[in-house]
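Student: A structural model of the following input is requested.
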Amino acid sequence: MFEKFMTEGVTTPYMMALCRASLDVRAGVLSLNEAANIYNVDPEIINQFNIDLVGYDIIQKKRG
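Tutor: Reported below is the predicted structural model:
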């Protein structure tokens, strides 16, 4: 999903929900399961999105 986000952007309602869920989980506002229920996104997809996002950030910092 992260690759799709990076190539297509946040244009679909699902991608917007995934991004918002990811942000809320990373900020500690919601637990993974709470975010999954509120935004109707699979918790595994949120988790993988966050893992990919961290990996992307690490690569960008090394290039930096």
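Student: Which elements pack onto the strand or helix carrying Ile59?
Tutor: Counting by DSSP states H and E, the element that carries Ile59 is helix 43-63. Applying 3 or more C-beta pairs under 8 Å, 6 or more residues apart in numbering; DSSP states H and E, one finds that helix 43-63 contacts helix 2-8, helix 13-27, helix 32-39. Glycine gets a C-beta too; all of them are placed from N, C-alpha and C.
Student: pLDDT below threshold where in this protein?
Tutor: Residue ranges of the chain with pLDDT under 70: 10, 64.
Student: go with 90
Tutor: Low-confidence segments of the chain, defined by pLDDT under 90: 1-12, 15, 54-64.
Student: if I look at Ala21, how far off is Lys62?
Tutor: 27 Å (C-beta to C-beta, to the nearest Å).
Student: Which one of those two is surrounded by more residues?
Tutor: The neighbour count for Ala21 versus Lys62, taken as other C-beta atoms under 10 Å, is higher for Ala21 (26 against 7).
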